[in-house]
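Visitor: Test case, fold it:
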Amino acid sequence: MAHVVVLGAGLGGTIQAYELRETLGAGDSLTVISDKPFFQFTPSNPWAGVGWRKKDEITVDLAPVMQRRNIDFICDAATKLEPTQNKVILKSGREVGYDYLVIATGPELAFDEIPGFGPDGFTNSVCHIEHAEVSGRNWEDFCANPGPIVVGAVQGASCFGPAYEYAMIMDTDLRRRKIRHKVPMTFVTSEPYVGHLGLGGVGDTKGMMESILRDRDINWIFNARVDRFEDGKAHVTEVNEDGTEKKKHELPFKYSMMLPAFRGIPALRGIDGLVNPRGFVITDEYQRNKTYPNIFAIGVCIAIAPPVATPVPTGVPKTGFMIESMVTATAHNIPRLIAGQEPNAEPTLNALCLADFGDRGAAFLAMPQNPPRNVTWSGQGRWVHWAKLAFEKYFMRKVRSGVSEPFYEKFIMRMMKVTKIKS
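Guide: Coordinates of the predicted model:
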């Protein structure tokens with residue numbers, strides 16, 4: 001009999017618990033720890049940022065679902081991990097021991113690394129549903145008295161898709177309100193070029209995204225380092241390919257949302273052998289940490305080095321398709337360890353992004369995520385918008401019911417067939 005603990009209940013942690021419940025033995029116990037009582041479908045947050053979604057539409061109360069699946073659920077924040085003692089210390093003072101631990105905490109948002117940045121400063125956020133709801137309310141105030149918008153992703157960011165999504169969704173909403181002509185928009189990104197996405201591009205995403213931004217009258221600045229935010233102004237340094245300063249920009253705004261850099265949560269940072277200097281968990285090809293072989297990690301909290309250095313630092317995204325493959329590998333490897341065997345399941349680390357633009361969208365598929373690849377494909381159209389809506393509906397139903405069925409792989413196979421992508 002073994003006790004397995006999943007730390008975190010987001011896109012990865014929740015599904016990890018469901019899959020582990022299927023693969024663990026009848027005598028093994030499973031506990032999920034989360035600082036929130038609900039699951040949130042993060043890909044819908046850009047919609048919430050303009051008021052198109054409410055919190056109760058994209059969240060699920062986890063305690064009843066976990067109880068039905070015979071999973072213990074603890075709603076409490078982890079303040080310290082003690083891997084040598086196999087225990088997690090919680091904010092309440094409670095200590096939870098484990099035989100095996102899966103870290104699925106997601107990241108801490110590093111707003112504090114840039115003066116004036118974030119919801120406590122002068123910009124909005126769609127990283128959490130709580131942030132997105134505030135952004136949605138602020139959006140209504142903005143639309144009543146519109147002006148310039150600055151949107152994008154700062155240095156060190158690793159998640160670029162939602163920045164493009166939110167820019168286009170705002171554009172779509174402004175056009176529907178017939179006030180787009182009152183709103184100059186500038187997309188500011190740390191990427192070395194528009195459409196890099198932290199992936200070195202996927203096919204001709206550079207040309208495609210430049211064309212989309214141009215068609216929507218959105219200006220852009222790439223290779224951009226944000227120095228600070230003031231009330232109504234972003235100070236940005238544009239750099240050359242060698243990292244030297246090219247131009248200083250002072251960009252006025254009445255509304256701004258930029259994605260931050262990520263780092264590991266405080267409970268993990270500084271644990272030698274477990275995390276890198278940024279606090280991300282170091283894992284091997286089986287999602288296992290070599291220093292503490294009873295600890296696995298999945299999702300945004302793991303360390304993946306960028307394949308190529310960029311003039312302004314950028315991170316590597318961990319998309320839902322990647323995370324699902326990490327979940328499945330871990331769900332098979334832990335039972336093998338319990339049985340005295342060695343892990344043998346490896347994640348595929350393929351990447352799929354469905355970027356909704358409010359009325360249409362763009363899709364990117366990279367198999368594997370980092371080049372060289374077996375499959376590189378990108379496309380756009382109204383079908384992406386409808387696919388994202390269907391994806392949201394399916395995934396929310398999956399979480400509410402506690403179903404462990406993999407979704408991304410089935411969706412990819414269907415999409416490849418319909419769009420005639422060659423594998």
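Visitor: would you list every one of the helices in this protein?
Guide: For the chain, helices defined by DSSP state H occupy the ranges 11-23, 45-48, 62-68, 129-144, 161-176, 205-215, 320-338, 382-401, 408-419.
Visitor: what is the mean pLDDT for the last one?
Guide: Confidence for helix 408-419, expressed as mean pLDDT, is 62.
Visitor: same deal with the longest one?
Guide: Per-residue pLDDT values across helix 382-401 average out to 91.
Visitor: Mind listing what's buried along that helix?
Guide: The neighbour-count check on helix 382-401 (16 or more other C-beta atoms under 10 Å) flags Val384, His385, Ala387, Lys388, Phe391, Glu392, Phe395, Met396, Lys398, Val399 as buried. In short, each C-beta sits where N, CA and C put it, glycine included.
Visitor: Can you report how many residues lie near Ala345?
Guide: By other C-beta atoms under 10 Å, 17 other residues sit near Ala345.
Visitor: That one and Thr328, how far apart?
Guide: When distance is defined by C-beta to C-beta, to the nearest Å, Ala345 is 7 Å away from Thr328.
Visitor: ok, now Phe73?
Guide: 22 Å.
Visitor: ok, and for stretch 174-187, which residues are buried?
Guide: Leu174, Arg180, Val183, Pro184, Met185, Thr186, Phe187.
Visitor: Looking at those residues, which is nearest Tyr98?
Guide: When the buried residues of stretch 174-187 are ranked by distance to Tyr98 (C-beta to C-beta), Phe187 comes first, at 43.7 Å.
Visitor: would you list the buried residues of stretch 174-187 in JSON lines and tack on distance to Trp220 and pLDDT?
Guide: Putting the buried residues of stretch 174-187 into JSON lines (distance: C-beta to C-beta, whole Å; pLDDT from 0 to 100) gives the following:
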{"residue": "Leu174", "distance to Trp220": "17", "pLDDT": "98"}
{"residue": "Arg180", "distance to Trp220": "17", "pLDDT": "98"}
{"residue": "Val183", "distance to Trp220": "15", "pLDDT": "98"}
{"residue": "Pro184", "distance to Trp220": "12", "pLDDT": "98"}
{"residue": "Met185", "distance to Trp220": "9", "pLDDT": "98"}
{"residue": "Thr186", "distance to Trp220": "7", "pLDDT": "98"}
{"residue": "Phe187", "distance to Trp220": "4", "pLDDT": "98"}
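Visitor: Specify which member of these is nearest to Arg278.
Guide: Phe187 (25.6 Å).
Visitor: residue contacts, the closest one?
Guide: Going by C-beta atoms under 8 Å, 6 or more residues apart in numbering, Phe187 touches Val151, Gly152, Ala163, Tyr164, Ala167, Val194, Leu213, Ile218, Asn219, Trp220, Ile221.
Visitor: Pipe those residues into TSV and attach neighbour count and pLDDT per row.
Guide: As requested, the contacts of Phe187 are exported to TSV (neighbours: other C-beta atoms under 10 Å; pLDDT from 0 to 100):
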residue	neighbour count	pLDDT
Val151	25	98
Gly152	27	98
Ala163	25	98
Tyr164	29	97
Ala167	26	98
Val194	24	97
Leu213	20	98
Ile218	19	98
Asn219	12	98
Trp220	19	98
Ile221	19	98
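Visitor: Looking at Phe73 and Thr328, which is more packed in?
Guide: It is Thr328, of Phe73 and Thr328, that has more neighbours when counted by other C-beta under 10 Å, with 23 against 20.
Visitor: okay, the more buried one: pLDDT?
Guide: As predicted, Thr328 sits at a pLDDT of 95.
Visitor: now the one 10 residues further on
Guide: In this prediction, Ile338 carries a pLDDT score of 98.
Visitor: and it, how many neighbours?
Guide: Neighbour number of Ile338 under other C-beta under 10 Å is 18.
Visitor: thinking it is in contact with His3, fair?
Guide: No: taking C-beta atoms under 8 Å as the definition, Ile338 is not a contact partner of His3, at 10.3 Å.
Visitor: residues shared between the contacts of the two?
Guide: Listed as contacting both Ile338 and His3 by C-beta under 8 Å, 6+ apart are Asp28, Asp99, Tyr100.
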